[in-house]
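Can you look at this prediction? I've put the sequence above it.
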Amino acid sequence: MVAFIDAHRAEDGVEPICAVLPIAPSTCYRDRALQANPARRSARAQRDDALRAAIERVYDANHRVYGARKGWRQLVREGVRVARCTVERLMRAMGPTGVVARPAHAHDDPGGRSPASAGLGGAQLHRDAADQLWVSDLTYVATWRGFVYVAFVIDVFARRIVGWCVSSGSGGSTIIAYRNR
């Protein structure tokens, strides 16, 4: 709003614009005074400017992949005394974010270029009636007590689960269910 007031103050004046906008004229005058003399700004604002430059330097030097935690650790290694939460706050305001590494899985191939996708041989998974083609899928879910494995059998025509099986994989109990016909 201050930039808008500065752009239009020659035509209308500061006080009349501030009377319409929800801002006090003293806020505009204080902002202009701080821009003219940055040494009058608060110690935190001055330190934040110096830290922003250091954070940007570390971010660029590390191929723009460091997040707040790694950036903070690098700054501490360089001898800059700064709290991690301060680096987080400034990075959030500045906009750069770190790259999050995530493991690649064989089933994460939407283009169908993996060997697992080639196993279908270009088959058309379309049928004209129920019970002509069933496909299965197996997945696992991590729980506090270990992995639980779930297998599904799906009717291609109806696009519904025909049967499923759940197992802990450790030779424990297995639950099997089939759709009633």
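Sure, I can see it.

Is the closest residue to V82 other than its chain neighbours part of a helix or strand, or is it coil?
Among residues not flanking V82 along the chain, L75 sits closest, at 5.6 Å (CB to CB, 6 or more residues apart in numbering). Bear in mind the C-beta positions are built from the backbone N, C-alpha and C, glycine included. When classified by DSSP: H, G, I helix; E, B strand; the rest coil, L75 comes out as helix.

wait, L75 sits on E56?
No - counting by CB atoms under 8 Å, L75 does not reach E56; the two are 11.5 Å apart.

then the strand or helix carrying A142 to PDB, C-alphas only?
Secondary-structure assignment from DSSP states H and E places A142 in strand 134-143. Coordinates of each C-alpha in strand 134-143 appear next as PDB, following Å, rounded to 0.1, in the frame of the first residue of the first chain:
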ATOM      1  CA  TRP A 134      -9.200 -60.500 -14.200                       C
ATOM      2  CA  VAL A 135      -6.000 -58.600 -13.300                       C
ATOM      3  CA  SER A 136      -4.200 -58.600 -10.000                       C
ATOM      4  CA  ASP A 137      -2.200 -56.100  -8.000                       C
ATOM      5  CA  LEU A 138       0.000 -56.600  -5.000                       C
ATOM      6  CA  THR A 139       1.000 -53.800  -2.600                       C
ATOM      7  CA  TYR A 140       2.200 -53.300   0.900                       C
ATOM      8  CA  VAL A 141       1.400 -51.000   3.700                       C
ATOM      9  CA  ALA A 142       3.900 -50.000   6.500                       C
ATOM     10  CA  THR A 143       2.500 -50.300  10.000                       C
END
